[in-house]
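> Sharing a model prediction with you, sequence too.
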Amino acid sequence: MQSQPNSSNTPQSVATRFSNSENVSRTTMSSREIANVTGKRHDNVKRDILAMLKELKIDALKFEDIYLDGRNREQVQYQLDREHTDCLLTGYSAPMRMKVIRRWRELEQQEGARLAVIANGTKVVGELAILECFTRLLKPAPSSQVLMLAQIAKNNGLESSFLPGYAIDAAPDATGGSSIPTKALTALIKEHAISSTAPAFNRALAAHGYLKTLQRRNSKGETVDFWSVTEKGLKYGKNLTSPQCPRETQPHWYVDRFLELAKLVGKA
């Protein structure tokens with residue numbers, strides 16, 4: 001078997017290029033690799049390829065590829081796709097055909113794994129982009145953002161142990177360095193014996209710019225309204241992701257600032 005100055009396997013990270021600059025992925029097999037797998041001399045394999053292409057009336061330049069040998073000299077090889085490799089092998093012995101078939105199986109498995117990694121990476125990037133938009137538009141509390149990141153990691157089989165187990169949810173002007181307790185509006189109205197229903201209180205908060213109404217589409221294509229704390233309202237409360245629907249927010253209000261907020265909207 002002719003010794004080859006360079007490895008017959010094209011590096012996985014570098015796509016081979018034809019002389020006419022057409023990219024080649026690892027879904028091709030070079031004439032040097034065919035020679036290496038079958039034990040034939042490379043010049044004999046090239047001769048067989050040229051004879052096949054001539055018979056098929058195909059321009060050999062379409063498959064020609066230049067590589068550098070051990071002396072850094074330009075040499076010609078041919079990059080064949082699966083179809084033309086199979087055609088070439090019909091003139092070879094059964095053992096030779098089997099060797100190349102097994103090598104093709106290896107290449108296809110490698111290509112499949114590479115594509116799976118790319119697809120998974122694209123999915124993660126897409127989910128992170130959605131999270132970024134969600135954070136920018138709905139301003140969820142840090143604890144909710146951590147939960148969403150953990151869910152993205154879980155969805156994609158990624159390690160998430162580096163994420164903090166605890167996030168500080170506090171007003172922008174808070175200085176304590178720890179989370180401030182919050183409760184839902186209904187609980188706070190009852191706790192402070194305020195004579196108002198939750199819907200009426202929410203409308204008052206919206207009228208004063210502390211809440212706003214956002215919308216989403218449900219599974220039936222219907223429009224669903226939900227409340228979200230505004231930038232102004234973040235001094236008095238935070239947005240949690242709703243347990244019923246992660247795509248909408250659920251306002252919670254800081255316990256020790258609620259009476260101040262109630263006075264501001266005329267509900268104290």
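Received it, and whenever you're ready, just let me know what you need. Numbers count the residues shown, from 1 in each chain.
> which stretches of the stretch 1-150 of the chain have low pLDDT?
1-26, 94, 111-122, 131, 134, 137-138 (pLDDT under 70).
> SS state for residue 239?
Put simply, residue 239 is strand when judged by DSSP: H, G, I helix; E, B strand; the rest coil.
> Could you tell me how many residues sit around it?
23 (other C-beta atoms under 10 Å). Glycine gets a C-beta too; all of them are placed from N, C-alpha and C.
> now the one 10 residues further on
Each residue near residue 249 was counted by other C-beta under 10 Å, and the total is 24.
> Surely it is in contact with residue 239?
Yes. Applying C-beta atoms under 8 Å, one finds residue 249 in contact with residue 239, separated by 4.0 Å.
> Could you measure from the nearest residue to residue 264 once chain neighbours are set aside over to residue 184?
In space, residue 264 comes closest to residue 208 once its chain neighbours are excluded; the distance is 6.4 Å by C-beta to C-beta, 6 or more residues apart in numbering. Look at residue 208 and residue 184: by C-beta to C-beta, to the nearest Å, they are 19 Å apart.
> Likewise for residue 68?
Distance from residue 68 to residue 184, by C-beta to C-beta: 70 Å.
> quick one: which of those two has more around it?
Shown here are residue 68 and residue 184; by other C-beta under 10 Å, residue 184 has more neighbours (14 against 11).
> Just list the residues touching residue 84, thanks.
52, 53, 63 (C-beta atoms under 8 Å, 6 or more residues apart in numbering).
> Please identify the buried residues of stretch 226-246?
226-230, 233-241 (16 or more other C-beta atoms under 10 Å).
> Report the lowest-confidence entry in these.
Lowest in pLDDT among the buried residues of stretch 226-246 is residue 241, which has 80.
> Give the bridge partners for that residue, please.
residue 249 (DSSP bridges).
> wouldn't it be in contact with residue 252 here?
No. Shown here, residue 241 and residue 252 do not form a contact pair, counting by C-beta under 8 Å, at 11.0 Å.
> What values do phi and psi take at residue 195?
Backbone torsions of residue 195, given as degrees, to the nearest 10, read phi -80, psi 70.
> how close does it sit to residue 203?
15 Å.
> Comparing those two, which residue is more hemmed in?
residue 203 (15 against 7).
> so residue 226 touches residue 214, yeah?
Yes. Between residue 226 and residue 214 there is a contact under C-beta under 8 Å: 5.8 Å.
> domain assignment for the chain?
Domain ranges of the chain: 16-112, 169-264, per automatic domain parsing.
> I'd like to know which of the ones you listed lies nearest to residue 128.
domain 169-264 (15.3 Å; C-beta to C-beta).
> Just the terminal-to-terminal distance for the closest one.
22 Å (C-alpha to C-alpha, to the nearest Å).
> where do the strands sit along the stretch 151-268 of the chain?
Counting by DSSP state E, counting those that start in this stretch, the stretch 151-268 of the chain has strands at residues 182-183, 211-217, 223-229, 237-241, 249-254.
> got it, and the stretch 1-150 of the chain?
Per DSSP E, counting those that start in this stretch, the stretch 1-150 of the chain carries strands over the ranges 16-17, 23-24, 29-30, 64-68, 74-80.
> would TSV of those with distance to residue 47 be doable?
TSV is the format used below for the strands of the stretch 1-150 of the chain (distance: least, C-beta to C-beta, whole Å):
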stretch	distance to residue 47
strand 16-17	21
strand 23-24	21
strand 29-30	15
strand 64-68	14
strand 74-80	11
